[in-house]
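Student: Next one to model:
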Amino acid sequence: MVKLRLQRFGTKKRPFYRVVAADSRKKRDGRYLEIVGTYDPTTKPASINIDNELAKKWLHLGAQPTDTVKSLFAKVGVMSEFLTEKKNK
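Tutor: Numbers count the residues shown, from 1 in each chain. A predicted model of the protein is given here:
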């Protein structure tokens with residue numbers, strides 16, 4: 001099963017995350033299939049860079065986003081676009 005989840009980078013107390021599509025059986029910071037975007041919670045406001053087309057592609061292929069990634073997608077607007085596309089199909 002493919003999951004859209006966060007992969008942690010950065011040093012201690014300075015986290016930086018990549019949003020990746022990864023096999024759910026792999027480690028959190030292990031091998032991934034594709035990088036979908038980045039998330040930096042240390043900036044004010046937190047910077048979120050998501051490739052909307054890639055994110056929607058993985059969602060259409062059946063990838064399950066984690067709760068945190070789902071909330072990031074909602075802030076950027078990926079989830080609403082995905083749901084409207086799915087509804088119109």
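
Student: now what about the helix or strand of the chain with the lowest mean pLDDT, what contacts it?
Tutor: Within the chain, confidence by mean pLDDT, DSSP states H and E is lowest for helix 78-88 among all helices and strands, at a mean of 89. Applying C-beta atoms under 8 Å, 6 or more residues apart in numbering, the contact partners of helix 78-88 are I50, N52, A55, K56, L59, H60, K70, F73, A74. C-beta here means a position set from N, CA and C on the backbone, and glycine is covered the same way.

Student: which element is the most centrally placed residue in the chain on?
Tutor: For the chain, the residue nearest the mean C-alpha position is V19 (3.8 Å; C-alpha atoms, centre = their mean). Remark: V19 resides in strand 14-23, with elements defined by DSSP states H and E.

Student: before we move on, back to that, so which bits of the least confident helix or strand of the chain are buried?
Tutor: V78, M79, E81, F82 (16 or more other C-beta atoms under 10 Å).

Student: Name the pair among the residues you listed with the greatest separation in space.
Tutor: M79 and E81 (7.3 Å; C-beta to C-beta).

Student: Contact partners for W58?
Tutor: Neighbouring residues of W58 by C-beta under 8 Å, 6+ apart: V2, L4, A21, E34, V36.
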